[in-house]
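Asks: Fold the following for me, if possible:
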Amino acid sequence: MHLNEFDLIARYFKSPALSREDVLVGIGDDAAIVKILPNQQLAITTDTLVSDVHFFHETPAADIAYKSLAVNLSDLAAMGATPAWFTLALTLPQVDHHWLHAFSKELFLLANSVNIALIGGDTTKGPLSITIQVMGFIPLQKGLLRSSAKPGDKIYVTGTLGDAGLALQEYKMGHLKQSPHADFLWQRLMRPTPRLAIGKALRDIASSCIDISDGLAADLNHILEASGVGAKLDIAKLPLSPALQAIDHKQASLLALTAGDDYELCFTVPPHKEQLLTERLGHYQSIGIITQQPGLCDNEGNALHLAKKGWQHFE
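Replies: Coordinates of the predicted model:
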């Protein structure tokens, strides 16, 4: 079946779109028109996923769709934002109806689950890549930033670390299917959980926040540089899944510190708000503390030169 660009959009991306009252003009015009709520600020972020850079070309379309939206939602979570709208720029080598059906179905399943509406975008021919821009609301002056960590603040992370890195490592070596943790690791690599509820709960608690896309050390270092502070990490307290606990401890720690694609939140909390953190989100184990002295080191004060070991494009 031959479809032009407009037929493709109408068939796969227009009819199932979530309806929101704040979308005044959606897909089908030259631009979308949306209504900004009073006393709210707008958070906007964009990510591009490219075949054989961010996912393997043989990855199922549903997994690609989920991850493409989830990684953007994770950025909103790190800001404490509530999702509202997104746009999609989809570059395809050819029109594959089975691929598009699976991709669009999974995209809207995730979108509808977090009440975010597709309001526009673009389709073009070329090497497979997906660019998604998401927008969300934050109450005035409540956004979580990287630049407000203070000496004495405790450092926390959600979830477990290094799982996606181990999945990628095992997949490249052809060992993933033989792993007793194969399903768990693949889910962690291709279907990360955007911590939206936690991000919103941290608005009045966290002094800084970032999502872990490039590795804990690299992303925590972004907080340190933006805030003009340093940090001590307790490596023994890094949260590890059973999959990481089953491998060599030194390798597991290195993955937890440097592997990307976890999309967990790393955040800092002032001492006087630790009780509020526990009351609102339950018990969290601190993995370190913010220091006046710049740089990242372990509990014994040994410098951890790990920031550049995280994922970096153009390296």
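
Asks: residues in contact with residue 75?
Replies: 45, 47, 134, 211 (C-beta atoms under 8 Å, 6 or more residues apart in numbering). Where C-beta positions appear, they are placed from N, C-alpha and C, glycine not excepted.

Asks: Mind picking the one among those that's closest to residue 159?
Replies: Comparing the contacts of residue 75 against residue 159 with C-beta to C-beta places residue 211 closest, at 11.0 Å.

Asks: Which ones among the contacts of residue 75 map onto strands?
Replies: Of the contacts of residue 75, the ones assigned to strands by DSSP state E are 45, 47, 134, 211.

Asks: farthest pair in these?
Replies: 134 and 211, at 12.5 Å, using C-beta to C-beta across the ones in strands among the contacts of residue 75.

Asks: sorry, back to before: lowest pLDDT pick from the ones in strands among the contacts of residue 75?
Replies: Least confident of the ones in strands among the contacts of residue 75 in the model: residue 47, at 94.

Asks: Surely that one and residue 129 touch.
Replies: No: contact criterion C-beta atoms under 8 Å: residue 47 and residue 129 do not qualify, at 10.8 Å.

Asks: Looking at the two, which one has more neighbours?
Replies: Using other C-beta atoms under 10 Å as the criterion, residue 47 and residue 129 rank with residue 47 on top: 20 against 17.

Asks: Now do the same contact list for that one.
Replies: Here residue 47 is in contact with 68, 71-72, 75, 131-132 (criterion: C-beta under 8 Å, 6+ apart).

Asks: for these, which one is nearest residue 109?
Replies: Using C-beta to C-beta, the contacts of residue 47 come closest to residue 109 at residue 68, 12.9 Å.

Asks: just checking, that closest one touches residue 130?
Replies: Yes: counting by C-beta under 8 Å, residue 68 does reach residue 130; the two are 4.3 Å apart.

Asks: circling back to that earlier point, pipe the ones in strands among the contacts of residue 75 into TSV and attach distance to residue 111 per row.
Replies: Below are the ones in strands among the contacts of residue 75 laid out as TSV (distance: C-beta to C-beta, whole Å):
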residue	distance to residue 111
45	15
47	15
134	10
211	19
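
Asks: so of the contacts of residue 47, which ones are in helices?
Replies: Counted as lying in helices by DSSP state H, out of the contacts of residue 47, are 68, 71-72, 75.

Asks: which one of the residues you listed is nearest residue 184?
Replies: Closest to residue 184, out of all of the ones in helices among the contacts of residue 47 and judged by C-beta to C-beta, is residue 71, at 18.9 Å.

Asks: what about the closest one, neighbour count?
Replies: 22.

Asks: quick one, what contacts the closest residue to residue 46 other than its chain neighbours?
Replies: Computed as C-beta to C-beta, 6 or more residues apart in numbering, the closest residue to residue 46 that is not its neighbour in sequence is residue 133, at 4.3 Å. Contacts here follow C-beta under 8 Å, 6+ apart; on that basis residue 133 touches 44-46, 72, 86-87.
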